[in-house]
Structure formats: C-alpha cells, structure tokens
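S.K.: need a structure here:
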Amino acid sequence: MDILWNDRKRLTLFGLPWTFTKYICTSEKFLIQSGVFSTKEEEVRLYRILDMTLERSFLQRIFGLGTIVCDTVDKSSPKLVIKNVKNSRKAKELLSELVEKERVKKRVSSREVMAAEDEEEE
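M.R.: Got it, this is the predicted structure:
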C-alpha cells in the first residue's frame, strides 16, 4: 500500500497534531484511523467520493488549517470529514486528482440530474 498523503487531525489552537486521529490516502482508498486503546478504522474507496468542499474557519485560517468534507456513495460513511489538516487546499487538490484517476481507471461515471432540464420539459 503506497501512501500518497498522510496527516494527523490537529488541534485548532496552534495547529499542533496532538490528537489520535490519522488520515491516510493511497491510490485507491482513504483511511481514517482513530483511538488509542480501542481503535476504529474507516475506509472509503476513492471512486465512491462524489463531491468535496473545503471549509476554513477564522481560527483555522490563522493557524493554516482546514477541513475537507467529502460526500460519498458509501453506506457506512456518506460524509467523510477530514478535520483540521495542514495545507488543506493542496490536500483537497491531491485528493480530487486521485479521485478522478480512480474513477477513470474503474470506469465509473456519476450521473447528475439537472433541475433546469426537468423544468424546461414541463
């Protein structure tokens, strides 16, 4: 498993990585590992990510952090939230590129229904 990007969830104050949540991105999937004594690992295949949003509060901007919110078609993780990561804009762009590559590789297409088209037909 080649890791293409990884980071830790950081505290909003000072942007320090003093949490027990790790984010790992490979060419095929995104993993969130959390916990110390009892652990949890969430996995989302990249081709299942539909949309991404970058959110940056005032404090996050001061400390160079951001939160990436991904809408997925995964039943166990319909919203993948990648909280308080450094260089969030670059991370989002990398993730976006990897998602597109994986969707092309798997020949997956998303069908978007435009509300304007439905209204014109009526």
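
S.K.: all strands of the protein, in order?
M.R.: For the chain, applying DSSP state E gives strands covering 3-8, 21-26, 29-34, 40-45, 49-55, 65-72, 79-86.

S.K.: Go through these and name the closest to E102.
M.R.: E102 lies closest, by C-beta to C-beta, to one member of the strands of the chain: strand 40-45, at 7.6 Å. Backbone N, C-alpha and C define where each C-beta goes, glycine included.

S.K.: in its sheet, what does the closest one sit against?
M.R.: Strand 40-45 has the following strand partners under DSSP bridges: strand 29-34 (antiparallel).

S.K.: which other residues reach the partner strand?
M.R.: The contact list for strand 29-34 (C-beta atoms under 8 Å, 6 or more residues apart in numbering) reads 20-25, 39-46, 49, 70, 80, 82, 95.

S.K.: Just the buried ones among those residues, please.
M.R.: Buried members of these, counted by 16 or more other C-beta atoms under 10 Å: 21, 23-25, 43-46, 49, 70, 80, 82, 95.

S.K.: Mind putting these into a markdown table with distance to R103 and pLDDT?
M.R.: Converted to a markdown table, the buried ones among the contacts of strand 29-34 look like this (distance: C-beta to C-beta, whole Å; pLDDT from 0 to 100):
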| residue | distance to R103 | pLDDT |
| --- | --- | --- |
| T21 | 26 | 95 |
| Y23 | 20 | 97 |
| I24 | 20 | 97 |
| C25 | 15 | 97 |
| E43 | 17 | 94 |
| V44 | 13 | 95 |
| R45 | 10 | 95 |
| L46 | 8 | 96 |
| I49 | 9 | 95 |
| C70 | 13 | 96 |
| L80 | 16 | 94 |
| I82 | 19 | 96 |
| L95 | 12 | 97 |
